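1. Model the following, please.
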Amino acid sequence: MLFVFKKAINLFFISTLLFVLVNQASAQESKIDTIPFSLDKKLIIFKGKINGVDIDFAFDTGAQSGVANSKNVAKAQIKTLGKGTKITDSNQVKKKIGDIEIKDFEIAGFHFSKIKDHNIDMPYLYCANLYLLGQTVIKKLNWQFDFEKMLVYISKSPFKENQNSINWPITSYKGNRPHVNFELGGKIFKNLLVDTGFTSVLELDSTYSAVKNAFLQKQNIGQGYQVMASTMGLMGFGKPSLTKEFRMDSIKIGNTLFKDVPIIINPETDNKVGLKFFSDLCRTLTINFSTNSILLDLKPQPKIERSMLDAKITIKEGKFIIIAKTLGENSSSSELEMNEEVLTLNGKKVTDFDGECEFLLWFYLFKENQMIIEKLNGKKITLKRSFID
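-> Model prediction:
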């Protein structure tokens, strides 16, 4: 009888323990944590911890894995591994990058252990001291970004769909990165990368005949722009290529038409939809990886603003060098040449900047509508900002 009583007590404690553990697991699954985020650096930035050390993360669904810079590695004492991994960046440049393993990865109270990512000093991420948060960690959670309150809600359980939400299914993962479909001119196109690390709106290659024809029509009425540009990838700036920009009359997602959408035609990169599409059009962007769905809750009067300086400049070997310019007679950069050295920008010389990082952040985050460029011959040019309309 005593044996039976003890056995009953043991079963009671075991069942109670299981009940507690199941409820704890359920609570962990259903909990929603909230943290602020910022778009000040043209990316979604929020704070987390690596090995207990505060780190600024840049949220990038277009990166199949995360990328640390050497500052992150030193600050958080991140473990480096092996011989590295060969990768190809967005400019199709191949290079070996380092492998790392993170003992404890924390975002808003969610912990992950033994995360394997990569490390390389991508210029902008290094200068802004950002850890590129890629799909290695992103895909383990569900995310809801509120662009009005500038808060991100994070959960292991999917967020509910509102009555007016646009449900944009994730149709595939290529290289661990989410891809969706969209509709143009009555035809459905596949394999559009959802890339929050791409700071612009929509970029498509030159194989879309509907897009090429739409650009020609816009160009004929003076609303199409051609740009010779070097774009920034993981390894830095790539080779210059000719891109075209205009506003597409409409594209269709689900049953919803989006009008006047700025599009870049670029034969050199992936087809992708970027951060500005979501931040300008959406009140909230929800990415439910556990149900493979993206939910868009639109602003009352959504409109995408798109502008660009008529030229871009970087520092090479201690000199200001032109790396991009808009083409055409009406461009304020018509008197500048690709790879041309210039003397000053808004009166600033190269030596006025405390290294290339200070310059990169200054130029990349420049918001004014014009910039004064002084050529080597002393001639000054007012570089203007073109608005894609």
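
2. So, low pLDDT: which residues of the stretch 1-150 of the chain?
-> Scanning the stretch 1-150 of the chain for pLDDT under 70 picks out 1-30, 87-93.

3. One more: the stretch 201-350 of the chain?
-> Using pLDDT under 70, the stretch 201-350 of the chain drops low at 231-238.

4. ranges for the strands of it?
-> Ranges of strands in the stretch 201-350 of the chain, per DSSP state E, counting those that start in this stretch, are 202-204, 225-229, 232-233, 236-237, 241-253, 256-265, 272-274, 282-288, 293-298, 307-309, 311-316, 319-326, 341-345.

5. which residues are contacting the fifth one?
-> By Cβ atoms under 8 Å, 6 or more residues apart in numbering, the residues outside strand 241-253 that reach it are 166, 168, 182-184, 202, 211, 214-215, 218-219, 223-231, 257-268, 296, 306, 308, 388-389. Placement of C-beta: from N, CA and C, glycine included.

6. Format the CA atom coordinates belonging to it as CSV.
-> This file holds the C-alpha atoms of strand 241-253, laid out as CSV (Å, rounded to 0.1, in the frame of the first residue of the first chain):
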residue,chain,number,x,y,z
SER,A,241,26.7,49.3,-65.3
LEU,A,242,23.9,51.1,-67.1
THR,A,243,20.7,51.2,-65.1
LYS,A,244,17.3,52.8,-65.9
GLU,A,245,14.8,54.3,-63.6
PHE,A,246,11.1,55.3,-64.0
ARG,A,247,7.7,55.0,-62.4
MET,A,248,5.6,52.0,-63.4
ASP,A,249,2.0,52.9,-63.8
SER,A,250,1.0,49.9,-61.6
ILE,A,251,2.0,46.5,-60.3
LYS,A,252,-0.4,44.0,-58.7
ILE,A,253,0.2,42.1,-55.4
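
7. between it and strand 319-326, how many degrees?
-> Interaxial angle of strand 241-253 relative to strand 319-326 (axes from the mean of the first three to the mean of the last three Cα atoms, to 10 degrees): 50 degrees.

8. again, but for the second one
-> Between the axes of strand 225-229 and strand 319-326, defined by the same axes, to 10 degrees, the angle is 150 degrees.

9. Helices of the stretch 101-250 of the chain, start to end?
-> Using DSSP state H, counting those that start in this stretch, the helices of the stretch 101-250 of the chain run over 123-128, 135-138, 209-220.

10. First-to-last residue distance for stretch 287-301?
-> This stretch, stretch 287-301, spans 22 Å end to end (Cα to Cα, to the nearest Å).

11. domain ranges for the chain?
-> The chain breaks down into these domains under automatic domain parsing: 33-155, 166-298, 307-387.

12. Next, format those as a markdown table and append mean neighbour count.
-> Listed next are the domains of the chain as a markdown table, based on neighbours: other Cβ atoms under 10 Å:
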| stretch | mean neighbour count |
| --- | --- |
| domain 33-155 | 18 |
| domain 166-298 | 18 |
| domain 307-387 | 16 |
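
13. before we move on, back to that, with distance to residue 70 as added columns, please give the strands of the stretch 201-350 of the chain in a markdown table.
-> Below are these laid out as a markdown table (distance: least, Cβ to Cβ, whole Å):
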| stretch | distance to residue 70 |
| --- | --- |
| strand 202-204 | 30 |
| strand 225-229 | 28 |
| strand 232-233 | 18 |
| strand 236-237 | 15 |
| strand 241-253 | 30 |
| strand 256-265 | 32 |
| strand 272-274 | 27 |
| strand 282-288 | 30 |
| strand 293-298 | 34 |
| strand 307-309 | 30 |
| strand 311-316 | 20 |
| strand 319-326 | 24 |
| strand 341-345 | 28 |
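
14. Of all those, which one comes closest to residue 196?
-> Closest approach to residue 196 among the strands of the stretch 201-350 of the chain (Cβ to Cβ): strand 272-274, 7.1 Å.

15. For the closest one, which strands pair with it and how are they oriented?
-> Neighbouring strands of strand 272-274 in its sheet, by DSSP bridges, are strand 187-195 (parallel), strand 202-204 (antiparallel).

16. and the ones you listed as TSV, adding distance to residue 118?
-> TSV is the format used below for the strands paired with strand 272-274 (distance: least, Cβ to Cβ, whole Å):
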stretch	distance to residue 118
strand 187-195	18
strand 202-204	24
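
17. just to revisit the earlier point, for residue 356, which of the strands of the stretch 201-350 of the chain is the nearest?
-> Using Cβ to Cβ, the nearest of the strands of the stretch 201-350 of the chain to residue 356 is strand 311-316, at 5.0 Å.

18. Residue 112 versus the most centrally placed residue in the chain, what's the distance?
-> Centroid check for the chain by Cα atoms, centre = their mean gives residue 197 as the closest residue, at 1.1 Å. Using Cβ to Cβ, to the nearest Å, one obtains 20 Å as the distance from residue 197 to residue 112.

19. Could you do residue 194 as well?
-> 22 Å.

20. Repeat that for residue 137.
-> Taking Cβ to Cβ, one finds residue 137 at 6 Å from residue 112.
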